[in-house]
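What follows is a predicted protein model with its sequence.
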Amino acid sequence: MVKIITVIFLNILSKFTQDFMAIGEGFGKVILFGEHFVVYGLPGIASALGNKTIAEVEPAEKTEIIDNRPETPGYKEKKKEQQEKSMKFIWKAMGLDPEKNPVKITLSGDLLATSGTGASAASCAAIARALNVQFNLGFDDEKINQIAYEGERGYHGTPSGIDNSCATFGGLIWFKKNLDGPNTIERLSAERPIEIVEGNTGLTADTAEVVADVAKKREENPEEFKQIFSEYEKVVNEARNALEAGDVERIGQLMDKNHELLKRIGVSCDELENLIRIAKENGALGAKLTGTGRGGYMIALTPGKELQEKVAKAIENAGFMVLRTSIG
Ligand code: PMV
């Protein structure tokens, strides 16, 4: 009898919460190959992280965002204006009016809000998914991805779309921004999951600013960039094969090569170089910056729990935060 009453109660409760609160999720990501190069239509490889941002949406008197995500100190404050801009793009893309349909949006989850984790894209995908449920819009993943892309424009100016694709679809993806048509998003399957360490410089970089600096440098040095782009293309094509074959030694070497090219386009910094050096000295098979650069995260390839722990500890002992996770 008690069991029957409990089931009825839970059903009523779930109906009640469904009517009043909707939940959506977006994955964090790590770019393995191709940050910045993807902006120019070259392919990139990214993996979703197990960590997510969760958005809860419920009707309210006025529209507001309560941001409870864990963060690198100062990140949320620095991004507040961009978040407001991003929300405007999201409302528009979803055909909703926040004045007429006010909601409270609460962000949470275990994805650290910081540069390099795809935090902005994860929040855009989570918000789009939750609003989709709340207003019964029936959008599919393709459409959610487009909305998340619109939201990303509030943060990035001209995002490639790699972050929102990872945030929406998850998994390991081959991404190519097509400059005059829909982007190519292919799912890759790695031979087996590979342990990685992400080291956080603690610095927050402004993606739009760094992307604009690269564009300027390219304009000033067209020949050099042409050569860098062509070297990068070889790296990423080989990396795809190495990932699918599970050739960790080669993946590591190619990550190092990718990082050298990123240095040449001017997006590394002393803090990233320091973390990369520590990782390599402690046995990482390869290491590079990931995401925007000039701060944010670096990623080290550390197959096996033992090597992962060794590299993670070394970075922690130097006073930096790390994330132990895996790709593929
Ligand atoms: O810093 P993140 O993780 O948001 O990555 C930015 C990646 C860039 O290639 C620099 C920009 C983009 O839109 O792809």
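Yep, it's here.

Give me the sheet partners of the helix or strand hosting residue 104 and which way each runs.
Under the criterion of DSSP states H and E, residue 104 resides in strand 103-109. Neighbouring strands of strand 103-109 in its sheet, by DSSP bridges, are strand 44-59 (antiparallel), strand 64-67 (parallel).

contacting residues around that strand?
Residues outside strand 103-109 that contact it (CB atoms under 8 Å, 6 or more residues apart in numbering): 25, 51-60, 63-69, 122-123, 126-127, 130-131, 134. Placement of C-beta: from N, CA and C, glycine included.

Could you rerun that using 7 Å?
52-60, 63-69, 123, 127, 134 (CB atoms under 7 Å, 6 or more residues apart in numbering).

Could you pick out the buried ones from these?
52-58, 63, 65, 67, 69, 123, 127, 134 (16 or more other CB atoms under 10 Å).

Which two of these have the greatest separation?
The span of the buried ones among the contacts of strand 103-109, defined through CB to CB, is set by 52 and 63 at 23.1 Å.

can you list the residues of the stretch 51-200 of the chain near the ligand?
Listed as neighbours of the ligand in the stretch 51-200 of the chain under the rule CB under 6 Å from any ligand atom: 115, 116, 118, 156, 159, 160, 162, 163.

among these, which two are most distant?
Farthest apart among those by CB to CB are 115 and 160. That separation is 15.7 Å.

Helices of the stretch 151-300 of the chain, residue ranges please.
Secondary structure of the stretch 151-300 of the chain (DSSP state H, counting those that start in this stretch): helices at 162-169, 207-220, 222-245, 248-264, 270-281.

Tell me how far the fourth one lies from the chain's centre.
Read it as helix 248-264. From the chain centre to the centre of helix 248-264 is a distance of 20 Å (CA atoms, centre = their mean, to the nearest Å).

helices and strands around it, which ones?
If you count contacts as 3 or more CB pairs under 7 Å, 6 or more residues apart in numbering; DSSP states H and E, helix 248-264 packs onto helix 222-245, strand 286-290, strand 297-301.
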